[in-house]
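[1] Got a sequence here, can you model it:
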Amino acid sequence: MNLTIAKRALGLLSIGLGIVAVAAPRRMSSTLGLEADEQAVSAFGAREIASGAGLLSPVKPGPWFWTRVGGDVMDLVALGKALNRDNPRRHIAAAAAGLVAVIAVIDTWMAIEALVDKRANAQAAT
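    Next comes the predicted model:
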């Protein structure tokens, strides 16, 4: 996969998700059955927007991919709390957790690719 295309696609995805979380934190929480407060959901959204902006910027993408990986872990922990049997929306939270897990694998893969690409470029320069 082309690193530039992945960087742009994941950057746009991050910004889109972040805007939803910042603009409608209560709705996002209730849809997933999360008992998170609005400030926490908004903070997660702001993190997504920052990661997306970093990926869309002209700088090297490696650190921004790792920021997304860390965010994915945070998201999975939050979604894990919504998977209890008392949550009537746990099936939605489970689907979201599955999607985030897939995205986490892609983010990790892209972060490693960026690291390998950086090392290859450094070796070629010497």
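[2] contacts and neighbour counts: CA atoms only from here.
    Noted.
[3] On the three-state scheme, V59 is what?
    coil (DSSP: H, G, I helix; E, B strand; the rest coil).
[4] ok, now how distant is it from A53?
    10 Å (C-alpha to C-alpha, to the nearest Å).
[5] More neighbours: those two, which one.
    A53 (17 against 10; other C-alpha atoms under 10 Å).
[6] got the buried residues for the helix or strand containing the more buried one?
    Assigned by DSSP states H and E, A53 falls within helix 38-56. Residues of helix 38-56 classed as buried by neighbour count (16 or more other C-alpha atoms under 10 Å): 38, 41-42, 44-56.
[7] swap in stretch 88-95?
    For stretch 88-95, a neighbour-count test (16+ other C-alpha under 10 Å) marks R89, R90, I92, A93, A94 as buried.
[8] just how off-centre is that stretch within its chain?
    Averaging C-alpha positions (C-alpha atoms, centre = their mean, to the nearest Å) puts stretch 88-95 19 Å from its chain's average.
[9] Understood, closing this out.
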